[in-house]
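# Please work out how this folds:
(one chain, ligands or ions: 1)
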Amino acid sequence: MKIDIVTIFPEAFTPLQVSVIGRARERGLLDVRIWDLRDFTTDRHRQVDDAPYGGGAGMVMKVEPFFAAVDAIRAQRAGATPRVILTSPQGRPLTHDVARELAREKHLIILCGHYEGIDERVREGLATDEISVGDYVLTGGELPAMVIVEAAARFIAGVVGDAASVAADSFAEGLLDYPHYTRPPEFRGRRVPEVLLSGHHDAIRRWRRAQRLQRTLDRRPDLLKAEALGEEDHRLLEDLDVDAGESP
Ligand code: 4GX
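This next block holds a predicted model:
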């Protein structure tokens, strides 16, 4: 998968050089290129923003550098037509399903905005998608761009070593994760739940499933997809109702 990111802060993208994404790039599963928007200005001051027509506070990002950058990217990356993503609080919320949909693309271009916003003609004439990473306001689109790369890349075959961990991912089934433990069996008076030390694999599987159901009911009932629940889940849920509010 090819991903091009257009930004006024190319140096902000070191997180994509490490860990799972860094390794995926080294292994050729992901080809990420960072483009400096200022390289596509034509004036002496390399100006990327200007005062808003109609007046008001703040600055607006200029339209021409974004079009010139996307033209250059398209020229260098022959092939399939890319999705062009603008990150903004006005966008479609990024979810598990949106990330998986993006991961099916061969080529993404992500445009990072700053200041009060971007000239509307970038949105109209260049962007195919506008995506938000959450209902809060950041100072720029760089972190949202990296969040989108992270979330989408996990769905590319081979990026995450264990494909089962992607399939069993919290949001794949509409259920939050179960609690995890490793050694020691007791730490400052807190014991690992006995069932996990029992070696009774079916009891462990049922306990984990019940924990996932309980946590989802407690914290994110909006995620529960009734149609995804099986017969055993309904039995576990009946038991949970009785124990509601009790700690594990
Ligand atoms: N999820 N921001 C973008 C500037 C901006 C405004 C409008 C384009 C259009 C954000 C978010 C976010 C702050 C990044 C404003 N660019 N992006 N920036 N939440 O808050 O994606």
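# what does this structure put close to the ligand?
Of all the residues in the chain, those in contact range of the ligand (C-beta under 6 Å from any ligand atom) are 86-89, 113-114, 117-118, 132-134, 136-138, 140-141, 144. For glycine as for every other residue, the C-beta is placed from the backbone atoms N, C-alpha and C.
# Identify those among the residues you listed that sit within strands.
Leu86, Thr87, Ser88, Pro89, Gly117, Ile118, Ser132 (DSSP state E).
# neighbours of the closest residue to the fourth one other than its chain neighbours, just the number please.
Closest residue to Pro89 apart from its sequence neighbours, by C-beta to C-beta, 6 or more residues apart in numbering: Ser132 at 5.3 Å. Other residues near Ser132 come to 16 when the count uses other C-beta atoms under 10 Å.
# right, and Ser132 touches Thr95 too?
No. The pair formed by Ser132 and Thr95 falls short of the contact definition of C-beta atoms under 8 Å, at 10.6 Å.
# follow-up on the earlier one: farthest pair within the ones in strands among the residues of the chain next to the ligand?
Across these, the longest distance by C-beta to C-beta is 14.1 Å; it joins Ile118 and Ser132.
# From Asp162, how far off is the residue nearest to Pro89?
In this view, Ser132 and Asp162 are 30 Å apart by C-beta to C-beta, to the nearest Å.
# what's the answer for Glu186, then?
28 Å.
# which residues of this structure fall in helices?
Using DSSP state H, the helices of the chain run over 19-26, 63-76, 96-103, 120-125, 142-153, 163-167, 201-219, 231-243.
# Format those as TSV; extra columns: distance to Thr42.
Formatted as TSV, the entries for the helices of the chain read as follows, by distance: least, C-beta to C-beta, whole Å:
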stretch	distance to Thr42
helix 19-26	31
helix 63-76	8
helix 96-103	32
helix 120-125	17
helix 142-153	24
helix 163-167	44
helix 201-219	52
helix 231-243	61
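# Which one, of these, ends up nearest to Arg44?
In this view, these are compared for proximity to Arg44 by C-beta to C-beta, and helix 63-76 is the closest at 14.3 Å.
# For the closest one, what does the pLDDT average out to?
Looking at helix 63-76 alone, the average pLDDT works out to 97.
# Give me the spatial nearest neighbour of the residue in the chain that the ligand sits nearest to, chain neighbours excluded.
Of the chain, the residue with the smallest distance to the ligand, taken as C-beta to the nearest ligand atom, is Gly113 at 2.2 Å. For Gly113, the nearest residue in space outside its immediate sequence neighbours is Gly141; the separation is 4.6 Å by C-beta to C-beta, 6+ apart.
# Alright, I will stop here.
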